[in-house]
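Engineer: return atomic coordinates for the entry below.
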Amino acid sequence: MANQYYYTVSSLPMLMWDSDKFMTESEFLYACESTVAEKDFETLKAALLIPVQGAAVTNPVLKSWYDWENTLRSELVKLRAAKKGTDAEKYISDNPGEAGVVEIAREAFNQNSPLDGEKILDQARWDYLDMLEAGHMFDIGKLIVYYLKLQLLNRRAVLNKDKGQQEYEKIYADILAAARKN
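Structural biologist: Next comes the predicted model:
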């Protein structure tokens, strides 16, 4: 029987797509380290939003996530390559294909701004993680999905329009200051 993590899961704060306050990834791992079996903890630490190419994945939830994400990335590569008139095949990883991913990639690709495209991709990722979570209440699958969602929320927090504008203005001011010195 698979390990059940009733205490660990029940002690975690609920994550919502529009959450603006949530723990860091390191805080989550710290909370899990003493309550999760060593083998499961190693699997948990290896769960990343961006699939590791060539990684041997045995957990079915993590494998499903990696397959789906690789399919999505491959579809985006195909769209970008077609726009540039280049061959996409050398950039595409082998993956089994996932239903609905082509439409998601097209919708994101056709947005007017990269930020709007990323929002669509991230919402689709969240929705897929919701689907993966079904049937996993207190097991390692639940913790993997939680960790991936947490990574997604932390990533989204960085993609902030106001922060981006501030960073752009800082970089631009630094360039102007350097140009004035010359």
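Engineer: report the rounded mean pLDDT for the helix or strand containing Tyr147.
Structural biologist: If you go by DSSP states H and E, Tyr147 is part of helix 140-158. Helix 140-158 shows a mean pLDDT of 95.
Engineer: stretch 53-70 too?
Structural biologist: The predicted model gives stretch 53-70 an average pLDDT of 91.
Engineer: show me which residues of that stretch are buried.
Structural biologist: Val57, Asn59, Val61, Leu62, Ser64, Trp65, Tyr66, Asp67, Trp68, Glu69, Asn70 (16 or more other Cβ atoms under 10 Å). C-betas here are computed from N, CA, C, even on glycine.
Engineer: list the residues that contact Gly141.
Structural biologist: Applying Cβ atoms under 8 Å, 6 or more residues apart in numbering, we find Gly141 in contact with Asn59, Pro60, Val61, Leu132, Glu133, Gly135.
Engineer: what about the most centrally placed residue in the chain, is that helix, strand or coil?
Structural biologist: Central residue of the chain (Cα atoms, centre = their mean): Leu49, 3.4 Å from the mean position. Assigned by DSSP: H, G, I helix; E, B strand; the rest coil, the conformation of Leu49 is coil.
Engineer: and it, how far is that from Ala81?
Structural biologist: 23 Å (Cβ to Cβ, to the nearest Å).
Engineer: next up, phi/psi of Ala56, please.
Structural biologist: phi -80, psi 110 (degrees, to the nearest 10).
Engineer: by contact count, what packs against the lengthiest helix in the chain?
Structural biologist: Longest helix of the chain, by residue count under DSSP state H: helix 60-84. Judged by 3 or more Cβ pairs under 8 Å, 6 or more residues apart in numbering; DSSP states H and E, the packing partners of helix 60-84 are helix 101-109, helix 114-133, helix 140-158.
Engineer: quick check: closest non-adjacent residue to Val145.
Structural biologist: Closest residue to Val145 apart from its sequence neighbours, by Cβ to Cβ, 6 or more residues apart in numbering: Glu133 at 4.4 Å.
Engineer: what number of residues lie near the one you found?
Structural biologist: Neighbour count for Glu133, taken as other Cβ atoms under 10 Å: 17.
Engineer: what of the one 5 residues further on?
Structural biologist: Using other Cβ under 10 Å, the number of residues around Phe138 comes to 16.
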